[in-house]
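Student: Sharing a sequence plus its predicted fold:
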Amino acid sequence: IADIDLLVRREELPEARKLLNTFGYYASFPHDEESLPKGNSSLNTLVYSKPNEIYFVHLHWHIVNSTWPLDSLAARIDMERIWVSAKPHTVCGVESVGLSNEHLVIYLAYHCFQHYFDRMSSLFDLLKAIEAYTHEIDWDRLIDEAGAFGVVFVLYYCFYYSHTRLNYYVPAIERLRL
């Protein structure tokens with residue numbers, strides 16, 4: 001683990017900042033939430049650190065969190081759709097919400113693609129999520145959401161790479177073929 005990624009609604013940034021501050025984490029650069037990019041910008045990450053700790057907390061308000069090469073995807077991804085589909089989770093006894101299975105697969109595939117498959121751990125995260133939730137994933141919805149977000153090609157190439165390099169076959173690949 002190199003960092004902890006947290007996704008919050010943009011309007012919850014001040015509350016999230018205060019909470020992180022109470023745990024001793026402070027932003028790497030001072031900021032005012034009003035001065036941060038509005039809308040579906042790919043510049044949506046605040047980095048928090050704690051003195052004498054090696055871990056960082058990345059606070060995101062959009063699932064696309066890079067400036068290149070996939071920053072143009074941010075505008076097509078409707079974060080409200082993602083929040084509406086979020087499902088409840090309990091992590092270490094704390095109630096929370098997480099991405100729906102379909103949005104989790106889309107996010108993990110995007111993350112692999114963003115890093116050009118140079119981190120095998122990202123690909124394994126994707127494949128383990130598919131393996132863990134395969135019977136709970138609504139494959140039709142996954143493909144519909146990928147289409148709405150303009151990331152069908154991302155899913156296809158991740159599934160294709162998994163199949164050709166690791167012999168891991170994802171049945172939905174046939175429906176995604178470009």
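Tutor: Cool, got the structure. Numbering: from 1, shown residues only.

Student: all helices for the protein, in order.
Tutor: 13-22, 79-85, 101-114, 120-133, 139-149, 152-166, 173-176 (DSSP state H).

Student: want to throw those helices into CSV with mean neighbour count?
Tutor: Any C-beta I mention is one placed from the backbone N, CA and C, and that applies to glycine too. Formatted as CSV, those follow (neighbours: other Cβ atoms under 10 Å):
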stretch, mean neighbour count
helix 13-22, 14
helix 79-85, 14
helix 101-114, 23
helix 120-133, 16
helix 139-149, 17
helix 152-166, 18
helix 173-176, 15
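
Student: which residues sit against the lowest-mean-pLDDT helix or strand in the chain?
Tutor: In the chain, the helix or strand scored least confidently by mean pLDDT, DSSP states H and E is strand 45-49, which has a mean of 83. Residues from elsewhere that reach strand 45-49, judged by Cβ atoms under 8 Å, 6 or more residues apart in numbering: 13, 17, 20, 25-28, 31, 36, 55-60, 65.

Student: Just the buried ones out of those, please.
Tutor: 13, 17, 20, 25, 56, 57, 58, 59, 65 (16 or more other Cβ atoms under 10 Å).

Student: Which member of these is positioned nearest residue 72?
Tutor: Lowest distance from residue 72 to these (Cβ to Cβ) belongs to residue 65, with 13.7 Å.

Student: Without its sequence neighbours, what residue ends up closest to that closest one?
Tutor: residue 45 (4.9 Å; Cβ to Cβ, 6 or more residues apart in numbering).

Student: Near that neighbour, how many other residues are there?
Tutor: For residue 45, the count of nearby residues is 14 (other Cβ atoms under 10 Å).

Student: about what we covered before: weakest of the helices of the chain in terms of mean pLDDT?
Tutor: Among the helices of the chain, helix 173-176 carries the lowest mean pLDDT, a mean of 85.

Student: tell me the two of the contacts of strand 45-49 that are most distant?
Tutor: The span of the contacts of strand 45-49, defined through Cβ to Cβ, is set by 36 and 55 at 22.7 Å.

Student: Sort the contacts of strand 45-49 by pLDDT and name the bottom one.
Tutor: Lowest pLDDT among these: residue 31, 65.

Student: if we can go back for a sec, export the helices of the chain as TSV, with columns for distance to residue 92.
Tutor: Output for the helices of the chain, formatted as TSV (distance: least, Cβ to Cβ, whole Å):
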stretch	distance to residue 92
helix 13-22	15
helix 79-85	22
helix 101-114	19
helix 120-133	19
helix 139-149	28
helix 152-166	30
helix 173-176	35
